[in-house]
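Student: dropping a prediction and its sequence here:
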Amino acid sequence: MDNKIQANYEAAKELYAAHGIDVDQVLKQLEQIKISMHCWQGDDVRGFLNRGQDLTGGISVTGNYPGAAQTPDQLRQDLEKAFSLIPGKHKVNLHAIYADTDEKVELDQLQPKHYQKWVDWAKEQGLGLDFNPTCFSHEKSKDGFTLSHPDPEIRQFWIDHCKASRKIGAFFGEQLGQTCVTNVWIPDGFKDAPADRLAPRQRLKASLDEVFAEELNPAHNLDAVESKLFGLGSEAYVVGSHEFYMGYGIQNNKLICLDAGHFHPTEVISNKLSSLSLFTDGILLHVSRPMRWDSDHVVTLDDELIDIGRELVRGDLLGKTHIGLDFFDASINRVAAWVIGTRNTVKALLRAMLDPVEALKKAELEGDYTTRLALTEEFKTYPFGAVWDYYCASKGVPVREEWLAEVKAYEQEVLLKRGN
């Protein structure tokens with residue numbers, strides 16, 4: 001390790017130790033945290049089952065940067081490159097349309113065997129896998145409805161797809177020894193104000209009851225449900241609202257997914273974590289960056305990400321929270337997007353762990369708000385960066401922006417030769 005990185009780390013340790021913060025222990029805790037990196041950043045949410053299908057469901061990916069993965073092998077190659085530049089061992093979040101099979105198979109007929117290559121690869125890489133049914137970009141979702149569809153035959157198709165997805169998730173968890181989170185999100189909603197808001201939600205509730213009817217080993221699979229405020233084509237009404245899924249999740253012991261981009265522009269999910277933690281056994285986070293509504297920009301180390309990290313650390317919620325990423329940007333190098341977003345998420349957690357949490361809580365309890373504010377502000381310029389540099393170096397990944405040169409070289413050697 002570079003002597004300067006080591007020296008800076010030792011100096012930082014002394015400063016933090018003066019406030020009772022054991023930096024070595026913090027890094028041991030940090031390396032246990034797994035971020036679930038979303039596969040769909042690598043190919044613009046196209047998948048491999050229905051490669052020519054238009055992207056629907058209120059989802060839009062902008063940009064035409066060259067090098068998008070066109071095959072499962074290319075996608076895995078890109079993921080490997082990204083993980084080589086990110087400290088720690090993490091997970092990959094798959095959507096159902098990323099099946100790796102030569103067989104022509106419909107969504108409601110998917111089986112674990114269609115993902116065996118992903119499992120074999122994850123074992124080789126020491127990674128976990130999470131999963132999602134794909135309730136969009138399909139002939140049976142083109143009118144904007146799936147699990148709440150008024151046609152019982154179409155509704156059953158999506159029910160069967162979600163049931164199949166849960167079994168695939170359980171297979172992942174059993175094979176890899178890491179619990180798989182299978183997250184259900186649907187795009188269902190109306191462009192204009194509906195005459196009946198209740199009936200679609202009644203249908204959705206009944207569909208979910210059927211989807212989740214079979215008990216699965218929670219050590220292998222955990223179910224999650226994800227809300228959304230609005231989408232393209234469902235601006236006026238979304239069936240699976242936050243209130244709907246919060247009620248359903250609490251009543252049925254399902255993880256409730258909070259996506260940073262699925263709320264009003266002035267809402268933040270950091271302020272929801274402590275409340276939700278009191279009534280649920282676990283939480284799923286989709287860390288994204290909305291820029292006006294749900295635009296899914298690459299995660300930056302902004303105030304909200306830092307606050308999410310603080311809430312998880314100060315509320316001791318890391319043990320019950322599953323952290324995943326959800327953004328897609330085709331205007332920049334896709335591998336770089338993964339690296340930036342994942343490294344920033346880990347940075348936010350590290351920064352929160354290096355706060356003088358106990359001192360801040362003590363001052364607050366005693367009504368000493370002066371000390372609370374003073375410490376909060378002074379710690380903003382503590383040498384967090386020196387600790388981050390040491391953590392990266394100790395894990396054998398590039399320090400600071402050194403990773404960018406590797407991505408640029410990979411772009412020239414691999415991505416630009418794909419011809420897209």
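Tutor: Nice, thanks for sending it over.
Student: going forward, measure contacts between C-alpha atoms and count neighbours the same way
Tutor: Noted.
Student: ranges for the strands of the stretch 301-420 of the chain?
Tutor: 321-325 (DSSP state E, counting those that start in this stretch).
Student: pLDDT below threshold where in it?
Tutor: Scanning the stretch 301-420 of the chain with the threshold set as pLDDT under 70 gives 420.
Student: all helices for it, in order.
Tutor: 303-314, 334-353, 357-365, 369-378, 384-394, 402-413 (DSSP state H, counting those that start in this stretch).
Student: mean neighbour count, those: which tops it?
Tutor: Most buried of those, by mean neighbour count (mean count of other Cα atoms under 10 Å): helix 334-353, with a mean of 23.
Student: helix 402-413 and that one, what's the angle between them?
Tutor: 170 degrees (axes from the mean of the first three to the mean of the last three Cα atoms, to 10 degrees).
Student: what's in contact with helix 334-353?
Tutor: 26-27, 30, 35, 37, 41-42, 67-68, 78-79, 81-83, 85-87, 298-301, 305-306, 308-310, 313-314, 325, 329, 384, 388, 404, 407 (Cα atoms under 8 Å, 6 or more residues apart in numbering).
Student: ok, back up a step: make a markdown table out of the helices of the stretch 301-420 of the chain and add distance to residue 207.
Tutor: As requested, the helices of the stretch 301-420 of the chain are arranged in a markdown table below (distance: least, Cα to Cα, whole Å):
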| stretch | distance to residue 207 |
| --- | --- |
| helix 303-314 | 32 |
| helix 334-353 | 34 |
| helix 357-365 | 44 |
| helix 369-378 | 47 |
| helix 384-394 | 45 |
| helix 402-413 | 44 |
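Student: which among these is found nearest to residue 128?
Tutor: helix 334-353 (15.4 Å; Cα to Cα).
Student: now do that closest one and strand 321-325, the angle between them.
Tutor: Using the same axes, to 10 degrees, helix 334-353 lies at 150 degrees relative to strand 321-325.
Student: dump helix 334-353 to PDB, restricted to CA.
Tutor: Backbone C-alpha positions of helix 334-353 (Å, rounded to 0.1, in the frame of the first residue of the first chain) are rendered in PDB as follows:
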ATOM      1  CA  ARG A 334     -22.500   2.100 -18.400                       C
ATOM      2  CA  VAL A 335     -19.800   0.400 -16.400                       C
ATOM      3  CA  ALA A 336     -18.700   3.800 -15.000                       C
ATOM      4  CA  ALA A 337     -22.400   4.400 -14.000                       C
ATOM      5  CA  TRP A 338     -22.300   1.300 -11.900                       C
ATOM      6  CA  VAL A 339     -19.000   2.100 -10.300                       C
ATOM      7  CA  ILE A 340     -19.900   5.700  -9.500                       C
ATOM      8  CA  GLY A 341     -23.300   4.800  -8.000                       C
ATOM      9  CA  THR A 342     -22.100   1.800  -6.000                       C
ATOM     10  CA  ARG A 343     -19.000   3.500  -4.700                       C
ATOM     11  CA  ASN A 344     -21.000   6.500  -3.600                       C
ATOM     12  CA  THR A 345     -23.500   4.300  -1.800                       C
ATOM     13  CA  VAL A 346     -20.700   2.600   0.200                       C
ATOM     14  CA  LYS A 347     -19.100   6.000   0.800                       C
ATOM     15  CA  ALA A 348     -22.400   7.300   2.300                       C
ATOM     16  CA  LEU A 349     -22.500   4.400   4.700                       C
ATOM     17  CA  LEU A 350     -18.900   4.800   5.700                       C
ATOM     18  CA  ARG A 351     -19.300   8.500   6.300                       C
ATOM     19  CA  ALA A 352     -22.300   7.800   8.500                       C
ATOM     20  CA  MET A 353     -20.400   5.200  10.500                       C
END
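Student: that helix: how far from the chain's middle?
Tutor: Distance, stretch centre to chain centre, for helix 334-353: 12 Å (Cα atoms, centre = their mean, to the nearest Å).
Student: and stretch 396-408, by the same measure?
Tutor: 23 Å.
Student: how long is it end to end?
Tutor: Counting by Cα to Cα, to the nearest Å, you get 19 Å between the two ends of stretch 396-408.
Student: on that earlier part again, closest to residue 212 out of the helices of the stretch 301-420 of the chain?
Tutor: Across the helices of the stretch 301-420 of the chain, residue 212 has its closest neighbour in helix 303-314 (28.2 Å, Cα to Cα).
Student: was I right about residue 78 contacting residue 42?
Tutor: Yes: counting by Cα atoms under 8 Å, residue 78 does reach residue 42; the two are 7.3 Å apart.
Student: what about these two, which has more around it?
Tutor: In this view residue 78 and residue 42 are compared by other Cα atoms under 10 Å, and residue 42 has more residues nearby, 26 against 23.
Student: quick one: pLDDT of the more buried one?
Tutor: Per-residue confidence (pLDDT) for residue 42: 91.
Student: what about the longest helix seen in the chain, average pLDDT?
Tutor: Counting by DSSP state H, the longest helix found in the chain is helix 152-176. Averaging pLDDT along helix 152-176 yields 97.
Student: what comes into contact with it?
Tutor: By Cα under 8 Å, 6+ apart, the residues outside helix 152-176 that reach it are 96, 107-112, 119, 122-123, 127-133, 135, 140, 146-149, 178-182, 184, 207-208, 210-212, 216-217, 219-221, 223.
Student: restricted to buried residues, select those in ChimeraX.
Tutor: Typed into ChimeraX, the line below selects the buried ones among the contacts of helix 152-176, using 16 or more other Cα atoms under 10 Å:
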select :96,107,108,110,111,112,119,122,127,128,129,130,131,132,133,135,140,146,147,148,149,178,179,180,181,182,184,207,208,211,212,220,221,223
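Student: for stretch 8-24, what is the average pLDDT?
Tutor: pLDDT averaged over stretch 8-24 gives 97.
Student: buried sites along it?
Tutor: Result for stretch 8-24 [16+ other Cα under 10 Å]: buried residues 8, 9, 12, 13, 16, 21, 23.
Student: so what's the residue count around residue 40?
Tutor: When neighbours are counted by other Cα under 10 Å, residue 40 comes out with 22.
Student: and it, which of the three is it?
Tutor: With DSSP: H, G, I helix; E, B strand; the rest coil as the basis, residue 40 sits in helix.
Student: how about the spatially most central residue of the chain: what's its closest non-neighbour residue?
Tutor: In the chain, the residue lying closest to the centroid (Cα atoms, centre = their mean) is residue 324, at 2.0 Å. Distance criterion Cα to Cα, 6 or more residues apart in numbering; nearest residue to residue 324, sequence neighbours excluded, is residue 36 at 4.3 Å.
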